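In: 3D model of this:
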Amino acid sequence: MKKDNWQLENTYTELPEIFYSLHQPVPVTKPELVCFNEVLADQFGLGFLDQENENIADYFSGNVIPDGAKPLAQAYAGHQFGHFNMLGDGRAIVLGEQIDTTGKRFDIQLKGSGQTPYSRRGDGRATLYSMLREYLISESMFHLGIPTTRSLAVVTTGEKVFRGQMHNGAVLTRTAESHIRVGTFEYARHFGSTEDLRGLAMYTIERHYPDKKDTDNPGLELLKTVMHKQIDLVVDWMRVGFIHGVMNTDNMSIAGETIDYGPCALMNSYNPNTVFSSIDTQGRYAFGNQAHIAQWNLTAFANALLPIISEDQKKAVQLAQEVIDGFQYKFTERWYKMMFDKLGISHPEEKDKELVDNLLALMETHKADYTQVFLTLQQDTLIENALFKSEDFKDWRQKWEATYLREGLVGPSLELMNRSNPKVIPRNHWVEHVLNTAARGEMEPFNELLEVLSKPYDDHPEDLQFQQIPEDFDAGYQTFCGT
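Out: Below you'll find the model as predicted:
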């Protein structure tokens, strides 16, 4: 077994010890490889692992620790559904930071690797179903062009996990630019000193945003940068109909990546109130509420940063508030730009915002499929839906056509539409089918769907792109955290 190919470092352990606990993964009974992301492994310089499945399973179950690793569980806090809690990695271990073939640094984390000092009453384990779900959706998001943590491997443990009933256990290997969250800063503010907070901020800036290191106010610049990253991320989510489902502050990455895929799902029929998460009973994290929650989370981030923004509390609040107050304008500007791209409007005017608003209102009224409506416009075709038969839509289409005719164009910008509108997304009924099949040991449907989702902007058979969603499937569909 070769170990010398790992390029692991452990800069996170240079932070004060309150931020982590050194902790070994809990060995599993019988590790067996289920999924291995060969392309990602090559990017990380880990292609040598492809020699033997048994070696991969040993490493990515936690049974064998790579050379250079210094396994740790991270401490953090967070607002969960608006309520502040002390948290931490209750079922995850960061092995270290792998330096990839371009010199970039990525965390290698084992998820489902057993209890840690932060587990509280949890068992520290994960189900095969939920780990395959994160693998599938996170890889789909990557190919959709949306910043995300990624999945390197899934290994079964040979053990059972109880989640209402008995399930096969598994460990997911997750990669991320880092696992530093808004909740990490909240933890530093509530449970550490100002110097701990400053140390975390400077470490984060050095790792992710080194151009902000020598600015006059690095803490304020970090707030501004993270806000712009989150605006771009949530706009990208809404471009494809993604609903995170649990936008707690401990699930907001400082690096601007989508992280933690427990109860997420993608919307079919357009409705801004769409919720699939079984624990989001009040719709706090509904599709149309995600921008508001991102701003709420950024406010919590700003509050955590106040002591290092200025020693003068009043001035710190004023400076942070000015940044947060700019969120809505910047988000709205970016969101309309994204929607204009989806409609192929290359030179929008202020009045064109009404065109976007009216289309979404019609889609909601007629329960039209969010993805398929933009595809029909892009491909100049019609599908069987009440929306396309309505006089209101015909009137809307004439106004849409007028927006590109005024520029002397014969049609919308197909270049904009092609890169903005996926032809396939991880449909809920597809996802559930392949996960249930994979949980029984049959991986072929899972792998086939993974292959389709790796090319979301390519042409696919029309019956795939415009497939009818099973009637009332989404009405009763629920997703779960898996803990």
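
In: Relative to its centre, which residue of this protein is most distant?
Out: When distances are taken from the C-alpha mean of the chain, Gly408 lies farthest, 39.5 Å away, according to Cα atoms, centre = their mean.

In: Let me know the pLDDT of that one.
Out: Gly408 is assigned a pLDDT of 82 by the prediction.

In: Please tell me how far it sits from Trp400.
Out: Distance of Gly408 to Trp400, computed by Cβ to Cβ, to the nearest Å: 16 Å. Every residue, glycine included, has its C-beta placed from N, CA and C.

In: do Asn168 as well
Out: When Cβ to Cβ is applied, the distance between Asn168 and Trp400 equals 50 Å.

In: How about Thr274?
Out: Using Cβ to Cβ, Thr274 is found at 24 Å from Trp400.

In: and what of Asp458?
Out: Summarising the geometry, the distance separating Asp458 from Trp400, computed by Cβ to Cβ, is 25 Å.

In: now swap in Leu136 and tell me
Out: Relative to Trp400, Leu136 is positioned 34 Å away (criterion: Cβ to Cβ).

In: do the same with Phe84
Out: Noted for Phe84: a distance of 46 Å to Trp400, by Cβ to Cβ.

In: which of these two has more neighbours?
Out: For Phe84 and Trp400, the more surrounded residue by other Cβ atoms under 10 Å is Trp400, and the numbers stand at 21 against 14.

In: Got the domain ranges for the protein?
Out: As given by automatic domain parsing, the domain ranges for the chain are 8-176, 180-483.

In: Point out the most buried one among these.
Out: Mean neighbour counts were taken over the domains of the chain using mean count of other Cβ atoms under 10 Å, and the top value, a mean of 20, falls to domain 8-176.

In: Endpoint to endpoint, that one covers what distance?
Out: End-to-end distance for domain 8-176, by Cα to Cα, to the nearest Å: 14 Å.

In: so for it, what's the average pLDDT?
Out: The average pLDDT within domain 8-176 is 95.

In: Which parts of the stretch 1-150 of the chain are strands?
Out: 8-9, 20-22, 32-36, 72-74, 77-80, 83-86, 92-99, 105-111, 150-162 (DSSP state E, counting those that start in this stretch).

In: Which elements pack onto the fifth one?
Out: To tie it back to what came earlier, the one meant is strand 77-80. With contacts defined as 3 or more Cβ pairs under 8 Å, 6 or more residues apart in numbering; DSSP states H and E, the secondary structure elements packing on strand 77-80 are strand 83-86, helix 182-191.

In: Check the offset of that strand from the chain's centre.
Out: Relative to the chain's own centre, strand 77-80 is displaced by 17 Å; criterion: Cα atoms, centre = their mean, to the nearest Å.

In: same deal with the fourth one?
Out: Centroid separation between strand 72-74 and its chain, computed with Cα atoms, centre = their mean, is 21 Å.

In: now do the first one
Out: Relative to its parent chain, strand 8-9 has a centroid offset of 25 Å by Cα atoms, centre = their mean.

In: Point to the residue nearest the middle of the chain.
Out: Nearest residue to the geometric centre of the chain (Cα atoms, centre = their mean): Thr258, 2.2 Å.

In: In this structure that one contacts Gly145, no?
Out: No. Using Cβ atoms under 8 Å, Thr258 and Gly145 do not qualify as a contacting pair, with a distance of 11.7 Å.

In: got the CA positions of stretch 428-441 in PDB?
Out: Coordinates of the C-alpha atoms in stretch 428-441 are reproduced here as PDB (Å, rounded to 0.1, in the frame of the first residue of the first chain):
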ATOM      1  CA  ASN A 428     -36.800  14.200  -7.000                       C
ATOM      2  CA  HIS A 429     -38.400  11.000  -8.300                       C
ATOM      3  CA  TRP A 430     -35.200  10.100 -10.200                       C
ATOM      4  CA  VAL A 431     -33.100  10.700  -7.100                       C
ATOM      5  CA  GLU A 432     -35.400   8.600  -4.800                       C
ATOM      6  CA  HIS A 433     -35.600   5.700  -7.300                       C
ATOM      7  CA  VAL A 434     -31.800   5.400  -7.700                       C
ATOM      8  CA  LEU A 435     -31.100   5.800  -3.900                       C
ATOM      9  CA  ASN A 436     -33.700   3.200  -2.900                       C
ATOM     10  CA  THR A 437     -32.200   0.800  -5.500                       C
ATOM     11  CA  ALA A 438     -28.700   1.500  -4.400                       C
ATOM     12  CA  ALA A 439     -29.600   1.000  -0.800                       C
ATOM     13  CA  ARG A 440     -30.500  -2.500  -1.800                       C
ATOM     14  CA  GLY A 441     -27.100  -3.100  -3.400                       C
END
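
In: Show me what it is in contact with.
Out: Contacts to stretch 428-441, defined as Cβ atoms under 8 Å, 6 or more residues apart in numbering, come from residues 34, 128-129, 132-133, 136-137, 167-168, 265-266, 268, 276, 445-446, 448-449, 469-470, 473-474, 477.

In: do stretch 102-114 as well
Out: Residues outside stretch 102-114 that contact it (Cβ under 8 Å, 6+ apart): 8-9, 11, 25-26, 44, 60-62, 91-100, 124-126, 131, 134, 152, 157, 169-179, 207.

In: make it 7 Å
Out: The set of residues external to stretch 102-114 that reach it, using Cβ atoms under 7 Å, 6 or more residues apart in numbering, is 25-26, 44, 60, 62, 91-100, 124-126, 131, 170-179, 207.

In: and that stretch, how far out from the chain's middle?
Out: 16 Å.

In: Tell me the span between the first and last residue of it.
Out: Stretch 102-114 end-to-end distance (Cα to Cα) = 32 Å.

In: Tell me where the stretch 301-450 of the chain has helices.
Out: When secondary structure is read from DSSP state H, counting those that start in this stretch, the stretch 301-450 of the chain shows helices at 313-325, 327-342, 353-365, 370-379, 386-389, 391-405, 414-420, 428-439, 444-453.
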